[in-house]
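S.K.: structure for the following, please:
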Amino acid sequence: MDSTLIFLLQVTIALLAGGLAAYYLKAALTGILTDLCGTAGRADFWWRTSAILLLGLPLLLVLFFAANPVFSDPALALRDAFRLSLIGVLAAVGLLSRRIWKHIPPPAALPQRQPGTGQETTPCAS
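M.R.: Presented below is the predicted three-dimensional model:
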């Protein structure tokens, strides 16, 4: 195989892995970010930042550390692209999860519903 084709496949694998993760997380992450940020505009900014991280980290790892198809077997070069893309996606999701987790209030601080009424009550309100 031509080394240019292998390189393009490596880049495609990285972008596809990050893009699929971003697509999968979009609905859930948008809801959480809207709750945490207060407005849809702010949540949209942080969603786009998260999407760039999910796309960029796998691509960065593949570009820096994937096997060079000129000096190695093309199958090994593609395997490295898959491996590094997976590491990048998992690292990006881990970073995002950790940052969001720190900003979610503990359950005692959340408004609670009274059983049967559907009305929210604040735990310490009089």
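S.K.: can you pull the buried residues of whatever helix or strand Asp44 lives in?
M.R.: Per DSSP states H and E: Asp44 is located in helix 40-65. If you call a residue buried by 16 or more other Cβ atoms under 10 Å, then helix 40-65 has these buried ones: 43, 46-47, 50-51, 53-55, 57-59, 61-62. Where C-beta positions appear, they are placed from N, C-alpha and C, glycine not excepted.
S.K.: am I right that Val89 is in contact with Pro58?
M.R.: Yes. Shown here, Val89 and Pro58 form a contact pair, counting by Cβ atoms under 8 Å, at 5.5 Å.
S.K.: now do the helices in this structure.
M.R.: Secondary structure of the chain, counting by DSSP state H: helices at 3-37, 40-65, 74-103.
S.K.: could I get these as TSV with mean pLDDT?
M.R.: Formatted as TSV, the helices of the chain follow (pLDDT from 0 to 100):
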stretch	mean pLDDT
helix 3-37	92
helix 40-65	92
helix 74-103	91
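S.K.: for burial, what's the neighbour tally of Ala21?
M.R.: When neighbours are defined as other Cβ atoms under 10 Å, Ala21 has 24 of them.
S.K.: gap between it and Phe82?
M.R.: Per Cβ to Cβ, to the nearest Å, Ala21 is found 14 Å from Phe82.
S.K.: can you check Leu95 too?
M.R.: Distance from Leu95 to Phe82, by Cβ to Cβ: 21 Å.
S.K.: can you check Lys102 too?
M.R.: Lys102 is 31 Å from Phe82, by Cβ to Cβ.
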